[in-house]
Structure formats: structure tokens, C-alpha cells
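# Got a predicted structure here, sequence first:
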Amino acid sequence: GAVVSQHPSWVICKSGTSVKIECRSLDFQATTMFWYRQFPKQSLMLMATSNEGSKATYEQGVEKDKFLINHASLTLSTLTVTSAHPEDSSFYICSARRVAGTGDTQYFGPGTRLTVL
Amino acid sequence: GQQVMQIPQYQHVQEGEDFTTYCNSSTTLSNIQWYKQRPGGHPVFLIQLVKSGEVKKQKRLTFQFGEAKKNSSLHITATQTTDVGTYFCAGPSNAGGTSYGKLTFGQGTILTVHP
């Protein structure tokens, strides 16, 4: 159990375009999802917390107008990188929070590798 | 703010040798979680420890939570090439009072196993 999918797995786009990344929890409902960014050989950097039915909470230094987050249902959150530039190239990973008898854990999607030319 | 430090950053071992990574938090944690990320992959949840002094085993992996609930360790006995990857510890973030499940990740330990 606890499967999270992410689409697309990789994307190459031109500078100035917008890219939408989807994160889905396939076998459980997640009122909270998280979006991370990861650079090579580095840890996960939390960008924002996505809450179903309300506005996302962004971490300090993350531009909310550039990284638009929508959590439309209990199984879907989307991250849109608007007007992407080469410095936005990175590995973006989502996770879904699952609270169950076994504890409060996060299950990660497979990630999206974004390359902006 | 809360910090989760993890050492070592890198570890190279020969297949069959043991491996340990250590995690220390600047604050007391209600629980600690461990994740493994294979090269090119995404973090995969391994385990969650909740109780002070708790020790849990998964085959060759032994996880320990310190008595003060501020430190933890992951020990792998007789490493195999399949153990290669980055191991992260993570604790609930206490920033702003209500975490809603937010985690603070350690920097990770990159394990290389030479056959």
C-alpha cells in the first residue's frame, strides 16, 4: 500500500514556458501533500505544504507566484512552475502524508526531472 | 530553528562490511523516520521510531532511537551492493507550532558498496 504517482517523470521545456506536475496518492486519501526540490547529491528541500481545500503554505524564500500549487482533491496536488528559467531545472518530488495506526509518515512520488533550456 | 544533522556525509565500504549512519536533532523529537533513496530514484520510507530507546530490526538493518529522543542511528550488517543509496533521517518539524506532518530531513549519508 501507500503508492504515490507523479507525472510527468521528466520534462524538457523552453525558457519562459510553464510546466505542470501532478502528484497523486493512488491508494489512500491525503489531505496534506508536500513538494520538495532536490539538487544532485543533496538533501530534500521543502518548498511548500499543499493542503486540500485551502491555500498552500510556502517555505521561506519560495516564490508562491512562481510555484503555483493546487490541491483540488484528496488524491491530487499539482505544482505549476510558471515562466520557467534554466535555474528552475531540478528534481521535483512530491510526497503524501498518511496518518494511520502505524504512524504519521510521508510517501514519496517517483519525482519529476525538469530541464529548462 | 530546528536542525537535523547526519553523519557521515559519505561512506565507502567493501561488500560484507558493516555500515552505520548517525542522526542528531537540535530538539527533542516525537518520532524519527528513515528513508532510503537509490541513485536516480526517490526516497522510500523504511521505518518510524517513536519510543525512547526503541530498537527495531529489518533483516540486516537495525534502527535505534536514543533515550533522549534527539538522536538515532541506522546500522547495516554485512552490506550488499543492493544497499547502495542515500539514507536520510527525518524528524517532525516543530516550526510554527503546528507541523501538519512536515519533516526536517538530515543531509543524508551516501553509501557506496564496493563488490
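Okay, I see it.

# Chain B contacts on chain A?
Residues of chain A found near chain B (C-beta under 8 Å from any C-beta of the partner chain) are A:2, A:32, A:34, A:41-44, A:46, A:49, A:51, A:57, A:93, A:95, A:97, A:99, A:102-111. From N, CA and C alone the C-beta is placed, and that goes for glycine too.

# Just the ones of the residues you listed in strands?
A:32, A:34, A:44, A:46, A:49, A:51, A:57, A:93, A:95, A:97, A:99, A:103-108 (DSSP state E).

# Please check those residues and keep the buried ones.
The neighbour count (16 or more other C-beta atoms under 10 Å in any protein chain shown) marks A:32, A:34, A:44, A:46, A:49, A:51, A:57, A:93, A:95, A:97, A:104-108 as buried among these.

# got the contact list for residue 85?
The chain I'm using is chain A. A:H85 makes contact with A:15-16, A:116 under the criterion C-beta atoms under 8 Å, 6 or more residues apart in numbering or on different chains.

# Actually, chain B is the one I wanted.
B:G85 sits next to B:36-39, B:41, B:110-111 when contact means C-beta under 8 Å, 6+ apart.

# how about the nearest residue to A:Q38, chain neighbours excluded?
Counting by C-beta to C-beta, 6 or more residues apart in numbering or on different chains, A:F91 is the residue found nearest to A:Q38 once chain neighbours are left out, at 4.6 Å.

# And B:L74, by the same measure?
Per C-beta to C-beta, 6+ apart, closest to B:L74 is B:T21, 5.1 Å.

# Does that neighbour touch B:M5 like I think?
No - in this structure, B:T21 is not within contact of B:M5 by C-beta atoms under 8 Å, at 11.3 Å.

# Can you list the low-confidence ranges for the chain?
Here I'm looking at chain A. A:1, A:102 (pLDDT under 70).

# please go with chain B instead
For chain B, applying pLDDT under 70 flags the ranges B:94-100.

# show me what contacts the residue nearest the centre of it?
The centroid of chain B falls nearest to B:C89 when counting by C-alpha atoms, centre = their mean (3.3 Å). Residues counted as contacts of B:C89 (C-beta under 8 Å, 6+ apart) are B:4, B:6, B:21, B:23, B:32-35, B:72, B:74, B:105-106.

# So which residues of chain B form strands?
B:4-7, B:10-14, B:19-25, B:32-37, B:43-49, B:55-58, B:61-65, B:71-76, B:85-92, B:103-105, B:109-114.

# Can you say which of those strands is nearest to A:K64?
strand B:103-105 (20.7 Å; C-beta to C-beta).

# residues in contact with that closest one?
Defining contact as C-beta under 8 Å, 6+ apart, one finds that strand B:103-105 is touched by A:34, A:43-44, A:46, A:106, B:2-4, B:25, B:33, B:35, B:88-93.

# what do you get if the cut-off is 10 Å, keeping everything else the same?
Residues from elsewhere that reach strand B:103-105 (C-beta atoms under 10 Å, 6 or more residues apart in numbering or on different chains): A:34, A:36, A:38, A:43-46, A:95, A:97, A:104-106, B:1-4, B:6, B:23, B:25-27, B:29, B:31-33, B:35, B:43, B:88-95.

# And the contacts of B:G85, which of them are buried?
B:36-37, B:110-111.

# now, among those, which is nearest to chain A?
Relative to chain A, the closest of those is B:I110; by C-beta to the nearest C-beta it sits at 6.7 Å.

# since we're on A:P86, how many residues are nearby?
Residues lying near A:P86 (other C-beta atoms under 10 Å in any protein chain shown) number 9.

# Now the phi/psi pair for it, please.
With angles defined as degrees, to the nearest 10, A:P86 sits at phi -50, psi -30.
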